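Participant: Below are the sequence and a predicted model; questions follow.
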Amino acid sequence: MSLANTTIKTFPMGGVHPEENKITASIPIKKLAIPEEVIIPISQHIGAPAKPVVEQREKVKVGQVIARSEGFVSANIHATISGTVTKIDKVIDATGYKRDAIIIKAGKDGEEWDEQIDLSEVLVKTISLQREEIIKKIADAGIVGLGGATFPSHVKLSVPKGKKADCLIINGVECEPFLTSDHRLMLEKGEEIVVGTRILMIALGVEQAIIGIENNKPDAIEKMSSLIHGENGISVQPLKVQYPQGGEKQLIKAVLNREVPSGGLPIDVGVVVHNVGTAFAVYEAVQKNKPLIERVVTVTGKDVKEPANFWVRIGTPISELVEAAGGIPENTGKVISGGPMMGKALNTLEVPVSKGTSGILLVPNEEAKRGHMKVCIRCTRCVTVCPMGLEPYLLMTLTQKELFDRLEKEKALDCIECGSCSFTCPSDRPLLDYIRLGKRTVTSIIKARKN
Amino acid sequence: MSTQFLTVSPSPHIHSGESVQRLMYGVIIAMVPAFAVSLYVFGIGALYVTTLAVISCAGFEYLLVRFVLKREPTIMDGSAIITGILLAFNVPSNLPWWAIVMGSFVAIGFGKIAFGGLGNNPFNPALVGRVFLLISFPVPMTSWPVPIDSRMQLMDATTGATPLGFIKEGLSAGVPIAELIEKVPSHMNLFLGVMGGSVGEISAIALIIGFVYMLWKKIVTWHTPMAMLGVMALFTGILWMINPEKNMDPAFHLLSGGALLGAFFMVTDYVTSPMTTRGMLIYGAGIGFLTVIIRVFGSYPEGVSFAILIMNGFVPLMNKYIKPKRFGEVKNG
Amino acid sequence: MSPTILFTVGTITILGFLAAAILYFIASKFKVYEDPKIDEVEASLPNTNCGGCGHPGCRAFAEACVKASDLSDLHCPVGGNDTMKKVASLLGMEVEERDPYVAVVRCSGSFEYRQKVNVYDGSPNCTIAHTLYGGDTGCQYGCLGFGECVDACDFQAMYMDEKTGLPVVIQDKCTACNACVKACPRNILELRPMGRKNRRIFVSCINQDKGGAAKKACEVACTGCSKCESECKYDAITIQNYLAYIDPEKCKLCRKCAPVCKSNSILEINFPPRKEESEKPEREKRERPERRAAETDTAVMEQEGEVNVIAMVQKANEESDNQGSSENKEIL
C-alpha cells in the first residue's frame, strides 16, 4: 500500500474503541427507488428553520427551492422529487417532536428535474467560479454538514473578520460503529470529493487540505491517496481507529496537533473541517448545479437481512429504507438515526430521512435496553476516556445536586456529548444524560446573566 | 412490529459491556496466585482465615445493607468478597475466629456501611478492619506462624516474627545489621514467598502475577502502584546509601511486609483512590513516602496500612483540587 | 499562690482585655448600618426561603420591603395577605389584598387516556426526556410523569398519583411559590387564583396539535373545537393553536363551558355536583364520572361527597402529613 503519509496519528487524550461492526463496508451504494411521497422537514439544520415558499397543490420539480433560509445560520430546502405539494403539516421528525414539514406526492415517475441541473456523469474538474460565487452557490444549494451535525456549510466557509484559515480538513474518519456511508462514498465518488475539496480550498482561501481517514478503511486510504497524486496541497492522513476521532476538535488535534481553545471554534486555530459527504455535495452544487437533495444512508444492524448503503432522496420515510434492506427484523427493539454512539433513537419508522441522517441502525431487543444503574464505584474510567479532559462522574453529581456554578467552573460546556463516559461506565450510570441536562441549565444561566 | 413499541433513550446506545461485577471478579481472580502460595506456605490456616473472613464480610454486608441502609443487598457485585479476602490477606493465618469476625464487622460496618455503602467509603474497608485489629489485639495480630513447618496446625502453631519486625527489633536492640541480615530470608525467598507474614502478603511473585493480570484485563492502571513502589525504592535507596549499617536495601523493603500487597490490591481500590491520573501519582507517592517513614522511623515495623489510610483521608481534597488536563485549556491563562 | 499561677492569670487577663479592646475598635470602626426594621420584617415572614416572591430568600425580600416606597410590587405568596398586612403595619404602609393563588396541573392524560406509543429508557427525569423527544405517548405537550414538579415543591404540596401517572397538587398546602411551574420543562403547571369558595374552572390540557392529532394521542385532549369559546358569555375563553384557555380574570365560574366540551378537557374544581345531569346526552353522562374518578379526586367529591376525598387525601399523604383529617383538602 502506498500511502502519502505513513505515520498513523490519533488524538492523545481519552477515547474508546467500540466494536466496529462495519457490516456494510464492502457493499456498493444502491439507488433507492423514488418514494411515492416525501416528507421534507423545513428544519433539517442547526439554526433558524427555513420558510416554506410553496403553496398547497403547487407543482414542484426536483431541485426546486421549496423553503428559503431565514437568516444567516439557516439553509434552503429543495424538492427532492417532482410532483405536487399535498400539504404543509406537523410531522414527527428525528428530533422526536412534531415539526413543520412539506409533503410532496410524486407525479408520474417523480423524476422531472429542474432544467438548471446537470445530470450527466461527466467529471467536471475545472473550477471556474470565484470565492464569493462558490459560497453563494453552496448556500443556495442548502448544503449542511453531512456528518450529522448539520451546521450550514456556507457559514463555516465565511471566515469571520480577524480570523484566518490556513488549513482545511476533510473528515473521512467515520468513527461511529456500523456506519459506512462516508467510506463507500470515498470509494465510489473519490474523484468528485477531491474536486469538492479543491472548491472548498478556494472558498476558504487556503493552500493546504488534509483528508483524515481511520486505518480501518485501508481501501479508502489507498484510493484517496492515489487520487490526490498531482494535486497540490492535498494530502491524506491515516488515523488510528479511536472514537470520537470524527469530532472536530479531536480530529484537528490528531491531524495537526492544534488544540481548539475551550469554548472556541476550529477557526480559532485556523482550521475548518468538512465531512467527505459535504465535499461531494459541494462538488455537485458548484460543478453540476445540483442542490442537496439526496445523500448516502447506511441501513444496518446485526439482524438486518440485507444491510446496505443507499442513495436516498431526502424526505423518504425511514420505513421504506428499512423495507429495501429486507424489512424490519422481528426482534427490533430500537431504531437509531445515526450511529450507536451519538445517534438519536426514533420513536416511529415514519420519520423522514433528513440531511443529517447518515445511517439507520436497527438494534435487536436484547441490546435495546440500558443496564440497570448502580452506584458509582469511582473507578475513574469515565475520566480516563473523556476526550475533553473532563470528569463526567463529577459533572453528573453536580447536576443532580443542582450546583450549576461549579458545573460551569468544571467546564461542563466543553463536553462534546460523544458518550464515551456512559459507554464505558461499569455501573451503567447515565452520565451523559445528566451532563446534557447540566449543560442545558448552565447555558440558560449564562444567557440570563448576559441579559 | 405493530404490537411492539420501540425503545427510546438518549445516546449512547451501546455499552462497553464492562460491569462492576466483572471488575470485582477480575480482582478476585488476580488474588488467586497469592492465595495459592499462602495455602502452600501456611496450609489450612490460610484457607480457614480467608473463608471465614469472606463469609463474615459478605454476611455483614448483606445484613447491614438490608437492615441499616434499607436497600436491596448487592453481595453479588463482589466488593464485600474482596474486602473479606483483603482482610484475610492482611492478618496472620493463625488469628482466632472471633478476631476475624470482629474485624470483618468493623471493616464492613464502620469502614463501608457507615458512610453509605459501596462507593461512598473514604477509607479502604479491609484496612479499617485490619488496623482496628492491629490496635486492639496487637499480640495475636503480630505473631505469625512459622512458614512451611506449621502448615497442618491451626491455632497453636509455632510463631515467629516477620522479616520486617525482626529487623526492627534487632536494630532497636542495637544488633549490627550484618548479623540480622543473615537471619532473615534471602531475597529469593522473599520473592517467592517463603517467609513469615500475613496470609496474602508473602509472595512477591504471586502478587506480581496478579497485578499483571489486572493490568492485562485493564482493571487497574499502573499509576498508583508504580508511584508508590518507586517512591519507596527511591526513599529507602537514599537511606541505604547514606547509612547501610542502619538501613536495609530497597529490594528488601519492597519485597517484605505488605508493600506489594498494598501497592497492587489496596491502593488500587477504586473507591478510595483519586479520580485523576495526576492525583493517583501523588496519592501513590504519598503512600510510598509515609510507608518508609513509618517503617524506618516509626515504632511499628510495618506501615503500609497506616500510610494508605492516611492518604485515603486526602483523596477528597485531591479530587477537588487536582483536575485532569482539560482539552483546549488556554495556555496564556 | 505561687508566682507562676499569678503570672499566668495576669497574662491571660491582660490578653483578654487587649483582645476585647481590639474587637471593640474593629466592631465600631467597621460597623455596617442595617435597618433594624429588616430584622423585624424578616421575623414576620414565613422564612421558608422558597424564592416564590422572586427574591433569593426571605432576608432579601425583607430588605426589598424596607427599601421600597410602596408594597404594591412585593408579595409573599407563602404568607399571603396576613403576612403582607403584618409587614405593611411594621413599615407603616398600606397593602392591597391579593387573591391567593394555587398551582394547577394542566394535563389530564392519565395512563388510561393517553396510550403509550414507545418505551422511554433514559434517566427518569422530566427535563432529560423532554430534551430527548416528544415523550412516550403520542402527546408531545403533556406530562412526562417523572415528577420534577414534585421534587421541586418545598411544601410537600404535590405527589405523583401512581394510578394516573400525573402529579397532584394538594390545595391547602400549596403556597403558590412558583417552584413547580419553573421546574416543569413543558410548562404544564400554572398558577391560577384560588377562586371564590376555592372554586375554579380551567382547561386541563396544553396540547397544541390539530384536533384530530390531539385526539388520537389523548382521549381528553383539547381539540380547539371552540365550542366553549362560543358558549362563554364573558369572553373568558380564547382559542390559540387549537387550544382553549380560560382567563381566570374574566371567568365568572358560570360552569357553562364544561358541559359543552366533547373531550372533557375542562376541569371544574370544588363545585357541588350538577343537578341537570339527566338533561345531558347519554354519552357524557356515562363518561364523565368515570374519567373524573380516575383522575382527579374532586370528581369523587362530586359523586360521593366530601368524606371520600378526605380519606383519599389522607391515604396519599400518610407519610408526609398526619393532621389532614380535619382540613378541607382538595386535590387538583
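Facilitator: Received it, and whenever you're ready, just let me know what you need. Residues are numbered from 1 along each chain as shown, chains lettered A, B, ... in the order given.
Participant: make it CA atoms for all contacts and neighbour counts henceforth
Facilitator: Fine.
Participant: where's whichever residue of the stretch 151-300 of chain C sits closest to chain A relative to A:Lys411, distance?
Facilitator: Per CA to the nearest CA, C:Asp209 is where the stretch 151-300 of chain C lies closest to chain A, at 8.3 Å. As judged by CA to CA, to the nearest Å, C:Asp209 and A:Lys411 stand 39 Å apart.
Participant: circling back: tell me the phi and psi of the residue of the stretch 151-300 of chain C closest to chain A?
Facilitator: phi -70, psi 160 (degrees, to the nearest 10).
Participant: Need the nearest residue in space to it, chain neighbours excluded.
Facilitator: C:Tyr242 (6.3 Å; CA to CA, 6 or more residues apart in numbering or on different chains).
Participant: Return the residues in contact with that neighbour.
Facilitator: C:207-211, C:222-225 (CA atoms under 8 Å, 6 or more residues apart in numbering or on different chains).
Participant: for A:Lys369, same thing?
Facilitator: Contact partners of A:Lys369, counting by CA under 8 Å, 6+ apart, are B:7, C:121.
Participant: A:Leu346 versus that one, what's the distance?
Facilitator: Where A:Leu346 is concerned, A:Lys369 sits at a distance of 14 Å (CA to CA).
Participant: what do you get for A:Thr441?
Facilitator: 25 Å.
Participant: Mind putting the contacts of C:Tyr242 into CSV with neighbour count, pLDDT and secondary structure?
Facilitator: Shown next, in CSV, are the contacts of C:Tyr242 (neighbours: other CA atoms under 10 Å in any protein chain shown; pLDDT from 0 to 100; DSSP: H, G, I helix; E, B strand; the rest coil):
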residue, neighbour count, pLDDT, secondary structure
C:Asn207, 27, 92, coil
C:Gln208, 20, 90, coil
C:Asp209, 22, 89, coil
C:Lys210, 17, 88, coil
C:Gly211, 17, 87, helix
C:Cys222, 30, 92, coil
C:Thr223, 28, 91, coil
C:Gly224, 24, 90, coil
C:Cys225, 17, 90, coil
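Participant: what kind of secondary structure is B:Met195 in?
Facilitator: coil (DSSP: H, G, I helix; E, B strand; the rest coil).
Participant: since we're on residue 120, how many residues are nearby?
Facilitator: Picked chain A for this. Neighbour count for A:Ser120, taken as other CA atoms under 10 Å in any protein chain shown: 8.
Participant: my bad, the chain I had in mind was chain C
Facilitator: 22.
Participant: Report the contact partners of the nearest residue to it once chain neighbours are set aside.
Facilitator: The shortest distance from C:Tyr120 to any non-neighbouring residue, by CA to CA, 6+ apart, is to B:Val8 (4.9 Å). By CA under 8 Å, 6+ apart, B:Val8 lies in contact with A:334, A:345-347, C:118-122.
Participant: Quick check: B:His253 touching B:Thr236?
Facilitator: Yes - between B:His253 and B:Thr236 there is a contact under CA atoms under 8 Å: 7.4 Å.
Participant: Can you read off the pLDDT for the residue of chain C found nearest chain A?
Facilitator: Closest contact between chain C and chain A, by CA to the nearest CA, is at C:Tyr133 (4.1 Å). For C:Tyr133, the pLDDT comes out at 91.
Participant: same deal with B:Thr159?
Facilitator: 64.
Participant: likewise A:Ser427?
Facilitator: pLDDT at A:Ser427 comes out at 93.
Participant: tell me the SS of it?
Facilitator: coil.
Participant: May I have the phi/psi pair for it?
Facilitator: phi -90, psi 10.
Participant: Correct me if wrong: it contacts B:Gly17.
Facilitator: No - counting by CA under 8 Å, A:Ser427 stays clear of B:Gly17, with 10.0 Å between them.
Participant: Neighbour count for those two, which is higher?
Facilitator: A:Ser427 (20 against 12).
Participant: Please report how far the nearest residue to the more buried one once chain neighbours are set aside lies from B:Ser19.
Facilitator: Spatially, and ignoring its direct neighbours in sequence, A:Ser427 is nearest to A:Lys374 (4.9 Å; CA to CA, 6+ apart). Note on A:Lys374: its distance to B:Ser19, by CA to CA, is 10 Å.
Participant: All set now, cheers.
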